[in-house]
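> Provide a 3D model corresponding to the input given below.
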Amino acid sequence: MKKVFFLQAALLVFIAVLYLYADVYLQFGLTIWWWDILLHFLGGLWVGLAGAWVFSRIGIRLGLLQCIAIALAVGLAWELFEYIFGLIGSRFMSYEMDTIKDLCDDMLGGALAYVLLKRVRS
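As a prediction, this is how the structure comes out:
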């Protein structure tokens, strides 16, 4: 079991490093229009799954709205971080539209987290 967990953790670290390399050095975020969509969708999925795991440790099973709300809360915090530190700007749309799109992608990822959890539970 520990070996499987280690391999899964190593794979996640490898994917994260690969993503950072593509985003920072290859500047995929500035050149590929769908890169930000993928980032926020997968981020919402990860946050929804992580939130469900944390709450399951204390005996609480999250529903659809809770998974979406957790993903939305983290997405809002990220958008606030971007605004405060001046990381705003998209070559493809206005700041307001980009923020709305990002939050919708976060929530869709949170919804998929619930669907995946429901399939695993049954």
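
> run through this protein and note the low-pLDDT ranges.
1-5, 9 (pLDDT under 70).

> could you rerun that using 50?
Residues of the chain meeting the criterion pLDDT under 50: none.

> ok, now which ones touch the residue sitting nearest the centre point of the chain?
Nearest to the mean C-alpha position of the chain, by CA atoms, centre = their mean, lies residue 43 at 0.7 Å. Listed by CB atoms under 8 Å, 6 or more residues apart in numbering, the contact partners of residue 43 are 71, 74-75, 78, 106, 109. The way it works is simple: take the backbone N, C-alpha and C, and place the C-beta from them, glycine included.

> report the contact partners of residue 70.
Counting by CB under 8 Å, 6+ apart, residue 70 makes contact with 47-48, 51, 62, 110.

> could those go into CSV alongside neighbour count and secondary structure?
CSV is the format used below for the contacts of residue 70 (neighbours: other CB atoms under 10 Å; DSSP: H, G, I helix; E, B strand; the rest coil):
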residue, neighbour count, secondary structure
47, 22, helix
48, 32, helix
51, 20, helix
62, 21, coil
110, 32, helix
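
> make a markdown table out of those residues and add distance to residue 30.
A markdown table is the format used below for those (distance: CB to CB, whole Å):
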| residue | distance to residue 30 |
| --- | --- |
| 47 | 24 |
| 48 | 27 |
| 51 | 30 |
| 62 | 35 |
| 110 | 26 |
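
> and those residues, which two are the farthest apart?
47 and 62 (11.6 Å; CB to CB).
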